[in-house]
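Novice: Quick one: sequence plus predicted model below, questions after.
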Amino acid sequence: MPRPTPRHIAVIDIGKTNAKLVLFDAATGTQLAASSTANGVVEAAPYPHADVERLWQFILEGLRRFGATYGIDGISITTHGATAALVDDDGLVLPVLDYEHDGPERTRAAYEAIRPAFAESLTPRLPGGLNLGAQLYWQAETFPEAFARVRAILPYPQYWAWRLTGILASEVTSLGCHTDLWAPNSGQFSSLVARLGWQKLFPPVRQAASVLGTLRAAVAEEAGLSADTPVACGIHDSNASLLPHLADAEPPFTIISSGTWTIAMTVGGPTDRLDPDRDSLANVDAHGRPVPTARFMGGREFDLLVPQVAEPGDATIARTIADDVQALPSFVAGVGPFGRRTPGWTVDPDNLDAATRTAAASLYLALVTAESLGLCGLGRRITLEGPLARNRLYAAALARLTGVAVHASADSTGTSLGASLLFGGNPPGSAGAAVAPLAAPGFDAYAANWRARAAR
């Protein structure tokens with residue numbers, strides 16, 4: 001007998017900066033409850049790593065609380081990319097490596113000699129551990145005895161699914177997220193996996209929307225849930241943002257998923273403009289199809305540029321443009337379309353008030369986003385997901401820069417909502433009317449000046 005569609009779906013959403021547990025009503029797509037916690041890095045031997053046990057307790061406590069109040073009929077999972085867990089029958093063999101650790105740089109030359117060409121992987125060589133293959137290679141070379149005990153390499157969403165269900169799986173949205181491990185155009189593991197003899201370490205590939213299994217008895221008891229509670233395989237977070245749009249939007253269309261990273265994805269866009277030297281690549285959607293993608297660390301840069309956020313009014317925006325107050329890329333080295341450029345300001349930022357800094361940073365993010373869209377393609381419309389959907393100046397500037405309709409999602413948990421749809425259900429019509437393009441005098445010249453400076 002077919003399993004009924006779950007009504008109340010709890011989504012485990014682990015971002016690089018924050019982790020959330022969000023409960024959705026699948027029938028209406030509305031959020032019933034949410035809790036969050038900072039996702040800190042443990043700075044301890046053998047290398048900086050995820051605090052998975054603290055996250056696990058956060059997850060269990062939230063499931064207990066939501067289950068007691070509302071009931072939980074299904075659990076879905078979404079996480080940031082560039083992360084994997086190395087496990088044996090007893091648990092982690094090595095801690096879950098923080099992808100910002102520079103350890104993989106120590107084996108960079110040897111790794112670059114064996115990694116697939118861009119034409120195969122559609123993945124550029126990224127700094128640190130942002131290529132998952134580089135992480136794994138460094139771990140294997142640096143900790144050979146521990147690596148020899150590894151039974152399975154689990155993408156991060158599937159690690160949490162395994163802790164919940166005891167079932168091992170792989171999944172393409174995480175495998176296809178700038179890992180060097182997947183060949184998007186052929187839909188199979190890349191030549192790197194065979195070259196290093198890792199085929200046996202990756203569990204069978206399951207669809208993100210498949211029900212992986214039900215809760216382990218011990219987990220069900222600790223979380224206060226039925227042991228029959230189904231758990232979805234799970235999905236990479238940027239791809240979760242795509243899910244509400246894949247069924248009914250006509251390609252090409254662009255989704256901009258924001259958080260620590262600002263990730264522009266154009267479904268139905270071309271892959272021939274992708275530039276491995278400018279942080280553009282192909283992700284893989286939940287159906288296994290390549291999606292041209294360009295990204296930069298927009299959330300991280302905004303935090304660096306704006307110590308104290310203050311909403312700029314029209315007068316402040318006009319003055320920022322007229323005075324040519326500009327932030328110039330790139331404030332996070334090695335990533336984004338200007339990752340090799342030394343950052344700076346056209347004025348001394350210490351002399352700027354909070355509203356002016358906020359205005360300049362918002363315009364900066366819009367300009368870098370527009371540059372990214374030149375790499376991954378521009379859809380007929382743009383939908384903003386996550387925190388940038390609430391930044392009115394950013395949205396208006398992006399509409400002016402691109403000349404296409406920009407819609408801001410009313411849902412602040414785009415990745416969580418998308419992950420809930422792995423069980424089916426009805427997404428709410430969360431994108432409002434198109435944002436009016438920025439009409440501030442002088443903005444076109446301001447943008448042209450910025451582009452000229454950024455190209456130097």
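Specialist: That came in fine, so what should we check first? Numbers count the residues shown, from 1 in each chain.
Novice: residue boundaries of the helices in the stretch 201-350 of the chain?
Specialist: Per DSSP state H, counting those that start in this stretch, the stretch 201-350 of the chain carries helices over the ranges 217-223, 237-246, 298-305, 314-322.
Novice: quick one: average confidence on stretch 247-261?
Specialist: Stretch 247-261 comes out with an average pLDDT of 89.
Novice: Ala82 contacts Gly133, correct?
Specialist: No. Contact criterion CB atoms under 8 Å: Ala82 and Gly133 do not qualify, at 10.1 Å. Quick note: C-beta positions are derived from backbone N, CA and C, even for glycine.
Novice: dump the residue contacts of Leu401.
Specialist: 366-367, 369-370, 447 (CB atoms under 8 Å, 6 or more residues apart in numbering).
Novice: what about Ile153, helix or strand, and which?
Specialist: Per DSSP states H and E, Ile153 falls inside strand 152-155.
Novice: Phi, psi for Leu401 please.
Specialist: Per-residue torsions, Leu401: phi -70, psi -40 (degrees, to the nearest 10).
Novice: Tell me how far it lies from Leu196.
Specialist: 43 Å (CB to CB, to the nearest Å).
Novice: How much space separates Thr383 from Pro427?
Specialist: Applying CB to CB, the value for Thr383 to Pro427 is 12 Å.
Novice: Without its sequence neighbours, what residue ends up closest to Ile114?
Specialist: Among residues not flanking Ile114 along the chain, Arg195 sits closest, at 5.8 Å (CB to CB, 6 or more residues apart in numbering).
Novice: so Ile59, which of the three states?
Specialist: Three-state assignment for Ile59 (DSSP: H, G, I helix; E, B strand; the rest coil): helix.
Novice: got a list of what it touches?
Specialist: Residues near Ile59 by CB under 8 Å, 6+ apart: 12, 21, 160.
Novice: Direction included, what does the strand holding Ile153 pair up with?
Specialist: Under the criterion DSSP bridges, strand 152-155 sits next to strand 84-88 (antiparallel) in its sheet.
Novice: Residue ranges in this protein under the pLDDT threshold?
Specialist: 1-3, 411-413, 428-431 (pLDDT under 70).
Novice: care to break it down by domain?
Specialist: The chain resolves into domains spanning 8-233, 238-454 when parsed by automatic domain parsing.
Novice: Roughly how far does the nearest residue to Arg295 once chain neighbours are set aside sit from Ile12?
Specialist: Excluding its sequence neighbours, the residue lying closest to Arg295 (CB to CB, 6+ apart) is Ile263, at 4.2 Å. Distance of Ile263 to Ile12, given as CB to CB: 20 Å.
Novice: Kindly report the same for Ala397.
Specialist: Separation of Ala397 from Ile12 (CB to CB) stands at 34 Å.
Novice: Kindly report the same for Glu43.
Specialist: Using CB to CB, one gets 24 Å for the distance from Glu43 to Ile12.
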